[in-house]
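Visitor: this one's structure only:
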């Protein structure tokens, strides 16, 4: 049975819960809930496991804060003996409109500190990521406040449906592979 490491990027702590920057945590929480998996506190984060469609999914929410996410990812890839090709990182993206998904097999960090940390620790840009659009409705110089802010009422109204779509994309990555998942979910 193939093993997949799904990493949701976010920051620990109640003050960050339900913020745009924590969409990775929210997607993994929804996935764990749908598959009746429970997160346990482990080294560098919280971990949950479940089986679906011929794959063992290992879900990781790093507790290292965004800027040190790579430390947790590197540790759990090694601990679980998972190849980088079976890693998918779920993260927020300011360059995409709210709720739009984009999966890629490699690429730069796009200025995202979590992806930058992962790239530095793994010494490669060749790992899959699922970018969840959070939009860019902020004034110049207000980017940090925006990503650390809570969802607007309009966004919140369709957030659950968009998160469910991201969960489906993650399952497709693990069961059908990167190319099919990209074809099915990119831009939706």
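Guide: Received the coordinates, thanks. Keep in mind the model is a prediction, meaning the values are calculated, not measured.
Visitor: So for stretch 36-50, what gets flagged as buried?
Guide: 37, 39, 42, 44-50 (16 or more other C-beta atoms under 10 Å). From N, CA and C alone the C-beta is placed, and that goes for glycine too.
Visitor: do stretch 47-63 as well
Guide: 47-50, 52, 55-63.
Visitor: Just put those residues in CSV and tack on pLDDT, secondary structure and distance to residue 29.
Guide: Putting the buried residues of stretch 47-63 into CSV (pLDDT from 0 to 100; DSSP: H, G, I helix; E, B strand; the rest coil; distance: C-beta to C-beta, whole Å) gives the following:
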residue, pLDDT, secondary structure, distance to residue 29
47, 98, strand, 13
48, 98, strand, 9
49, 97, strand, 15
50, 97, strand, 13
52, 92, strand, 16
55, 92, strand, 19
56, 96, strand, 19
57, 97, strand, 14
58, 97, strand, 15
59, 98, strand, 9
60, 98, strand, 12
61, 97, strand, 8
62, 96, strand, 14
63, 95, coil, 14
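Visitor: Which of the residues you listed sits closest to residue 22?
Guide: Of all the buried residues of stretch 47-63, residue 22 sits closest to residue 61, with 9.2 Å by C-beta to C-beta.
Visitor: any idea which helix or strand carries the closest residue to that closest one other than its chain neighbours?
Guide: What sits nearest to residue 61 in space, not counting adjacent residues and going by C-beta to C-beta, 6 or more residues apart in numbering, is residue 46, at 4.6 Å. Taking DSSP states H and E as the definition, one finds residue 46 inside strand 45-52.
Visitor: Sheet partners, orientation included, of that strand?
Guide: Strand 45-52 has the following sheet partners, assigned by DSSP bridges: strand 40-42 (antiparallel), strand 55-62 (antiparallel).
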